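> Generate coordinates for the sequence data below:
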Amino acid sequence: MITDDESPIIRTSSKRVMQGILIVVITLAFGAAIIVPFWHTMSHNAPAASTLKSKGPPPQETGTQTSIGTIEGKVVNQKVQSGANATTGAGGAATAGPPGKPLTILQGASVQGSPNFNPDTLTVKKGEKITVTNKDTLPHTVTSGTGPADPNNAKQFDTSIIEAGKTADIQTTNLSPGQYPFFCNVHPYMTGKLVVQ
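Modelled structure (predicted):
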């Protein structure tokens, strides 16, 4: 229907209004039925900071290239250093040599509130090697400092990313006797303490 000034008159019946309200109410009830039983779990267990799973390296490009770490066809071992006591190994890969004093990242450590490092406080002698094993399904680090906002984080040691099931070593040769807090850069709520004697 159109008025004299040609603007449409919108009419609806009370039946159609009730149908619309009913659709909205059913949708809200359905959503509440899903959310309410799980509200406590969702609000108290923060999601992991990272749930990315590696699918392997990207495909190789074709053509003639000289990769970083090669000199005229000769491969040169590269080490990334982060602070005075950088770890050996590449990207958390297993390292050669005898294992050091064990520090384990426990399975499920990425869930906030769960036990994360075993032991929580690790005591070593100066110069003793620490072997970190990641038994969780997500990548982790062992980084010196109290958290990402700490201006001195990673100054004493940093394993960089340790993939699930891999190990990395921390050298304590250049650490003075004392206490060193550490955390996981991927999941900063994971904390522990290193005591060097």
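> all contacts plus neighbour counts: C-alpha atoms, from now on.
Fine.
> Could you look up the SS state of Gln19?
helix (DSSP: H, G, I helix; E, B strand; the rest coil).
> just Val36 next, same as before
helix.
> can you check the one 4 residues further on too?
Put simply, His40 is helix when judged by three-state DSSP.
> Please report the distance of it from Gln112.
Using CA to CA, to the nearest Å, we find His40 at a distance of 14 Å from Gln112.
> more neighbours, those two?
Taking neighbours as other CA atoms under 10 Å, His40 and Gln112 compare with Gln112 leading, 18 against 10.
> you'd agree that one is up against Pro188?
No: shown here, Gln112 and Pro188 do not form a contact pair, counting by CA atoms under 8 Å, at 9.6 Å.
> Going along the chain, name the helices of the protein.
Taking DSSP state H to define them, one finds helices in the chain at 14-35, 39-44.
> CSV please, covering these and showing mean pLDDT.
Below are those laid out as CSV (pLDDT from 0 to 100):
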stretch, mean pLDDT
helix 14-35, 92
helix 39-44, 70
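> what's the closest of those helices to Val195?
Closest to Val195 of those is helix 39-44 (CA to CA; 31.8 Å).
> and the chain, what are its domains?
14-44, 79-197 (automatic domain parsing).
> Could you say which of the ones you listed is packed most deeply?
Mean neighbours per residue, mean count of other CA atoms under 10 Å, is largest over the domains of the chain for domain 79-197, with a mean of 19.
> Give the rounded mean pLDDT of that domain.
Taken as a whole, domain 79-197 has a mean pLDDT of 85.
> quick one: terminal-to-terminal distance for stretch 129-140?
19 Å.
> Show me what that stretch is in contact with.
50-53, 99-110, 161-172, 184-187 (CA atoms under 8 Å, 6 or more residues apart in numbering).
> Strands - which of the residues you listed land there?
The members of the contacts of stretch 129-140 that map onto strands under DSSP state E are 101-105, 167-170.
> Can you add distance to Ile35 and give these back as CSV?
As requested, the ones in strands among the contacts of stretch 129-140 are exported to CSV (distance: CA to CA, whole Å):
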residue, distance to Ile35
Lys101, 45
Pro102, 42
Leu103, 39
Thr104, 35
Ile105, 32
Thr167, 39
Ala168, 41
Asp169, 44
Ile170, 44
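> between these, which is nearest Asp150?
Of these, the one sitting nearest to Asp150 (CA to CA) turns out to be Ile170, at 19.8 Å.
> The closest one against Phe157, yeah?
Yes: the pair Ile170 / Phe157 is scored as a contact, 6.9 Å apart, by CA under 8 Å.
> Would you mind pulling the contact partners of stretch 113-121?
Contacts of stretch 113-121 (CA under 8 Å, 6+ apart): 45, 103-110, 190-195.
> go again using 6 Å as the cut-off
The contact list for stretch 113-121 (CA atoms under 6 Å, 6 or more residues apart in numbering) reads 103-106, 109, 192-194.
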